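Asker: Sequence first, predicted coordinates after that:
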Amino acid sequence: MNDYLAFRKMITPLVIQVVFWVGVVAVVIGALVSFGQSRVGEGLLMLILGPLVIRIYAELIILAFRIYDRMTEIARNTTPAGAAPPSPQQQQYNSPYGQ
């Protein structure tokens, strides 16, 4: 909880997922309304492209937060200019491949 209050952990990626699903539901409802008004072509187009466009938009926003996470990880693991490199005992390398 302290990380959220200190802005070290972001809540926006979670909010973006909720907004994505709300957007998908809104697109499906809009497509059903279009079908009900005898605009089948518009409804199909909305039903097919709507969720895709919303997904791409949400992924682009989340990508910015993933880049931020990686940059903070790099900054945390990088030796400041002019400082001595950490000894082997101080280094903590977490391989993404398990070992």
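Answerer: All right, it came through fine. Numbering: from 1, shown residues only.

Asker: Give me the longest helix you can find in the chain.
Answerer: helix 40-77 (DSSP state H).

Asker: At the geometric centre of the chain, which residue do we find?
Answerer: Nearest to the mean C-alpha position of the chain, by C-alpha atoms, centre = their mean, lies residue 62 at 2.1 Å.

Asker: Low-confidence bits of the chain, can you list those?
Answerer: Within the chain, the segments meeting pLDDT under 70 span 83-99.

Asker: again, only this time at 50
Answerer: For the chain, applying pLDDT under 50 flags the ranges 99.

Asker: Next, the buried residues of the longest helix of the chain.
Answerer: 43, 46, 47, 50, 51, 54, 58 (16 or more other C-beta atoms under 10 Å). (Each C-beta comes from the backbone N, C-alpha and C, glycine too.)

Asker: Residue 3: which of these is nearest?
Answerer: residue 58 (23.0 Å; C-beta to C-beta).

Asker: Any figure for the gap between residue 41 and residue 76?
Answerer: To residue 76, residue 41 is 53 Å away according to C-beta to C-beta, to the nearest Å.

Asker: Same question for residue 7.
Answerer: Separation of residue 7 from residue 76 (C-beta to C-beta): 16 Å.

Asker: Please apply the same query to residue 55.
Answerer: Distance from residue 55 to residue 76, by C-beta to C-beta: 31 Å.

Asker: and what of residue 49?
Answerer: To residue 76, residue 49 is 41 Å away according to C-beta to C-beta.

Asker: and if you look at residue 35?
Answerer: Residue 35 sits 52 Å away from residue 76, taking C-beta to C-beta as the criterion.
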